[in-house]
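Peer 1: Quick one, fold the following:
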Amino acid sequence: MSGDNKAEEKTVLAHVSNAISNVEMFAMNHYHSVSNAIRTLFDRFTGSVDGKKDINNECNYPSQITLSQYKEIFDREAIGARIVSLLPEESWADDPWIYETEDVSQQTEFERGIEILNDEHSLYEMMLRADILSKIGHYGIIVFGLNDANNIDTSLPVEGYDEASEKWNENLSHSLLYIRAYSEPSITIDRWETRTNSPRFGKPVIYSVTYKDYLSEATTTNPLETKTMKFHWTRCHHLADNCLDSDTKGTPELKPVYNNVYNLRKIYGASAEGYWKNAFPSLIFEMSPEAAAKINASETLKGAIKEQLERLSESLQKYMVGTGSVKTVAGTINDPTPHIAIQLQAICIALEVPWRIFLGSEEAKYASAEDKKAWNKRLMRRQTKYIIPKIIRPVINRLMDYGVLPRVEKFSVEFPDLNKLTPEELAESAEKKTKALALYTQSNLESIMTREDYYSIIWGFDDELIQQIIENADKNQKAYSGDEQALTQDGNDTGSVDQSAQ
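Peer 2: Coordinates of the predicted model:
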């Protein structure tokens, strides 16, 4: 190889080396740029830059949830309404039994009063409504309208209550005019009990309730008027569930799952909007460069194109007029079900509600026996630990204080047994038990497990019932054997007579 060729080769190699170096440098710079961008995005979520996590800001979650936001979710989101009303509606699925004596053959005056109140004022239904409303925010109240002398100014105590001694006159006979229930978004507590020597220390004294005046005329421009009334605590009953560090304010039902409900709101909205825009293919008329140039030069044509783009995006019009060839753009619709399921599962976990129970009655039929038993146990605990002592008893006691109900020394409250089998379940259970008993009897297993052990261990019967079952079975067996012997003897006697006749 000549010297010129060697020099030329070195020059080419040098250019190639420089080019490779430049490519490597570009790739390295590009890698660092992408890496830094990813790290910045990651830091925004993890807070590794300034030590603060701001996921709420990135996901557009409210840092502080207001009462109006709780109310809006309850009013406008199906899942939000289900979350708030689930426990109360399931707990009050059957009316309670409020009684003075267990003698069902004779109704007492007190029991008759309860029946009349429920008939005239839907007492149980009002307590259910108050239970639901109290879970929208931190608390709710039941307001009792009475015909006492102070009902002109409801901010005054009920006539017959002595504020100094904090006792009720035992001879009151007020009449109940109405019952109302309100949630926290409609209530303001104007005054609290600040006397440390009072049993009501730290509890509300005066409530302000803002409500819609349905007697006013609403128009498209002017909604219903609102009015505000003040109520003394003696005219109200305060409800607060999920209480921890306060007996007055509980945890709103939506608070632990608000972000999940907010996520569902976005998923549902995006799904519907995506279907609206992409369910049908769009027809795009491509333009020639000359036509595009004319449009750019004309404000009128620009406005027309903009209007068509808006119609294409926001309405059901799925074509756009232009000049040139026609291009079909097919929409892409993604199934939101997996994303919805993830959020619903998180909500069920937080609320401790079985999946099928949360989805409703149709799905609840297929819930497992373990899920039903655990759910019923939770409902019964809520009935005995909250509804009866915190709602029903205080309401009944207050009505006795007013003289609306006759005063009694003691009354009882019970809910029907949630684990009681339905007629269909009873029939299915009886069929299975009958088959099991027939199999035990036909298999002659008494040498392995006696009848006493079988009934005790497998069926869970007590000793008295077991002895009664065995005695009845033995008696029936003897009677059956005696009938068989009699039939056999009758057959033999008939045979002997026939032979004699022959």
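
Peer 1: just checking, what packs against the one helix or strand residue 356 maps to?
Peer 2: Assessed by DSSP states H and E, residue 356 sits inside helix 355-359. In terms of contacts (3 or more Cβ pairs under 8 Å, 6 or more residues apart in numbering; DSSP states H and E), helix 355-359 is packed against helix 78-91, helix 337-351, helix 361-364, helix 369-382. (Glycine included, C-beta is placed from N, CA and C.)

Peer 1: wait, which of those helices is closest to residue 253?
Peer 2: When these are compared by Cβ to Cβ, helix 78-91 sits nearest residue 253, at 4.9 Å.

Peer 1: Might one say that residue 175 is in contact with residue 144?
Peer 2: No - the pair residue 175 / residue 144 is not scored as a contact, 10.7 Å apart, by Cβ atoms under 8 Å.

Peer 1: if you count what's nearby, which of the two comes out ahead?
Peer 2: Legend: neighbour count by other Cβ atoms under 10 Å for residue 175 and residue 144, higher for residue 144 (22 against 11).

Peer 1: so the more buried one, which of the three states?
Peer 2: strand (DSSP: H, G, I helix; E, B strand; the rest coil).

Peer 1: who does it bridge with?
Peer 2: residue 179 (DSSP bridges).

Peer 1: Tell me who's in contact with it.
Peer 2: Counting by Cβ atoms under 8 Å, 6 or more residues apart in numbering, residue 144 touches 176, 178-179, 235-237, 398-399, 402.

Peer 1: Of those, which is the nearest to residue 468?
Peer 2: residue 399 (46.7 Å).

Peer 1: What are the contacting residues of the strand or helix carrying that closest one?
Peer 2: Taking DSSP H and E as the criterion, residue 399 maps to helix 393-402. By Cβ under 8 Å, 6+ apart, the surrounding residues in contact with helix 393-402 are 98, 114, 117, 123, 127, 142, 144, 146, 158, 160-161, 168, 172, 174, 176, 237, 405-408, 411, 413.

Peer 1: Residue 147: neighbour count?
Peer 2: 12.

Peer 1: Please report how far it lies from residue 120.
Peer 2: 14 Å (Cβ to Cβ, to the nearest Å).

Peer 1: With residue 261 instead?
Peer 2: Residue 261 is 38 Å from residue 120, by Cβ to Cβ.

Peer 1: Of the two, which one has the most company?
Peer 2: Applying other Cβ under 10 Å to residue 261 and residue 120 shows that residue 261 carries more neighbours, namely 19 against 10.

Peer 1: a strand runs through the more buried one, doesn't it?
Peer 2: No - using three-state DSSP, the assignment for residue 261 is helix, not a strand.

Peer 1: That one and residue 54, how far apart?
Peer 2: On the measure of Cβ to Cβ, residue 261 and residue 54 end up 20 Å apart.

Peer 1: Show me this structure divided up by domain.
Peer 2: Domain segmentation of the chain under automatic domain parsing yields 19-58, 67-258+381-414, 280-330, 423-501.

Peer 1: Show the end-to-end separation of the longest one, please.
Peer 2: Between the opening and closing residues of domain 67-258+381-414 lies a distance of 34 Å (Cα to Cα, to the nearest Å).

Peer 1: Quick one: mean pLDDT for that domain?
Peer 2: The average pLDDT within domain 67-258+381-414 is 94.

Peer 1: cool, the shortest one as well?
Peer 2: Averaged over domain 19-58, pLDDT sits at 55.

Peer 1: before we move on, what about stretch 420-434?
Peer 2: On average, stretch 420-434 scores 77.

Peer 1: Contacts for that stretch next, please.
Peer 2: Here stretch 420-434 makes contact (Cβ under 8 Å, 6+ apart) with residue 459.

Peer 1: If we use 10 Å, what do you get?
Peer 2: Identification of contacts with stretch 420-434 by Cβ atoms under 10 Å, 6 or more residues apart in numbering yields 94, 376, 458-459.

Peer 1: Just put these in TSV and tack on secondary structure.
Peer 2: Listed next are the contacts of stretch 420-434 as TSV, based on three-state DSSP:
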residue	secondary structure
94	coil
376	helix
458	helix
459	coil
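
Peer 1: top of the residues you listed by neighbour count?
Peer 2: Going by other Cβ under 10 Å, residue 376 tops the contacts of stretch 420-434 with 16 neighbours.

Peer 1: Please name the spatially closest residue to it (chain neighbours excluded).
Peer 2: residue 418 (4.1 Å; Cβ to Cβ, 6 or more residues apart in numbering).

Peer 1: Near the one you found, how many other residues are there?
Peer 2: 18.

Peer 1: One more: the one 10 residues further on?
Peer 2: For residue 428, the neighbour count with other Cβ under 10 Å is 12.

Peer 1: element containing it, please.
Peer 2: helix 423-442.

Peer 1: mind listing what's buried in the next helix or strand after that helix?
Peer 2: Where DSSP H and E defines the elements, the next helix or strand beyond helix 423-442 is helix 451-453. Across helix 451-453, burial judged by 16 or more other Cβ atoms under 10 Å covers residue 451.

Peer 1: How about stretch 378-391?
Peer 2: Within stretch 378-391, the residues that count as buried by 16+ other Cβ under 10 Å are 378-379, 382-383, 386-388, 390-391.

Peer 1: now the residues you listed in JSON lines, with distance to residue 310?
Peer 2: What follows is those, written out as JSON lines (distance: Cβ to Cβ, whole Å):
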{"residue": "378", "distance to residue 310": "52"}
{"residue": "379", "distance to residue 310": "52"}
{"residue": "382", "distance to residue 310": "52"}
{"residue": "383", "distance to residue 310": "56"}
{"residue": "386", "distance to residue 310": "54"}
{"residue": "387", "distance to residue 310": "54"}
{"residue": "388", "distance to residue 310": "59"}
{"residue": "390", "distance to residue 310": "56"}
{"residue": "391", "distance to residue 310": "54"}
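
Peer 1: Tell me the one among those nearest to residue 194.
Peer 2: residue 390 (23.7 Å).

Peer 1: Tell me, how many residues neighbour the nearest residue to the closest one once chain neighbours are set aside?
Peer 2: Spatial nearest neighbour of residue 390, chain neighbours left out: residue 239 (7.1 Å); criterion: Cβ to Cβ, 6+ apart. Using other Cβ under 10 Å, residue 239 has 24 neighbouring residues.

Peer 1: so who does residue 239 touch?
Peer 2: Contacts of residue 239 (Cβ under 10 Å, 6+ apart): 127, 130-131, 133-135, 139-142, 181, 183, 250, 386-387, 390-391, 394-395.
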